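Colleague: based on what follows, work out the 3D shape:
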Amino acid sequence: MSEPTRYQTGPVELPLRLDPEPTPVAGCPYCTELARVRSWARAGGDMTTVSDCNVFLRRHPEGHG
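Modeller: Below you'll find the predicted structure:
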């Protein structure tokens, strides 16, 4: 039986994304609530919820015609 071929590869380099956090639209209760939850989650160290709120805020402006 032969030995498997092994290839040495360098580490995978992923781009660093430092996009600013989305800001809530003034007067929109949905944006205001997401920003409130995001602040609460950050204070509690729940960065998964912070990230989720950022995604929802980025996608939500579609409804702000």
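Colleague: C-alpha only now, for contacts and for neighbours.
Modeller: Noted.
Colleague: now do the most centrally placed residue in the chain against Thr32, distance only.
Modeller: Nearest to the mean C-alpha position of the chain, counting by CA atoms, centre = their mean, stands Ser51 at 3.7 Å. Per CA to CA, to the nearest Å, Ser51 is found 16 Å from Thr32.
Colleague: now Thr23
Modeller: 9 Å.
Colleague: how near is Gly27 to Arg42?
Modeller: 23 Å.
Colleague: what about those two, which has more around it?
Modeller: Taking neighbours as other CA atoms under 10 Å, Gly27 and Arg42 compare with Arg42 leading, 15 against 8.
Colleague: backbone dihedrals for the more buried one, both of them.
Modeller: Main-chain dihedrals, Arg42, degrees, to the nearest 10: phi -60, psi -40.
Colleague: tell me the contacts of it?
Modeller: Val50 (CA atoms under 8 Å, 6 or more residues apart in numbering).
Colleague: could you check the pLDDT of it?
Modeller: Per-residue confidence (pLDDT) for Arg42: 96.
Colleague: now swap in Arg36 and tell me
Modeller: 97.
Colleague: and the helix or strand of the chain with the lowest mean pLDDT, what's buried?
Modeller: Within the chain, no helix or strand scores below helix 47-59, which has a mean of 93 by mean pLDDT, DSSP states H and E. By 16 or more other CA atoms under 10 Å, the buried positions in helix 47-59 come out as Thr49, Val50, Cys53, Asn54, Leu57.
Colleague: done for today, thanks.
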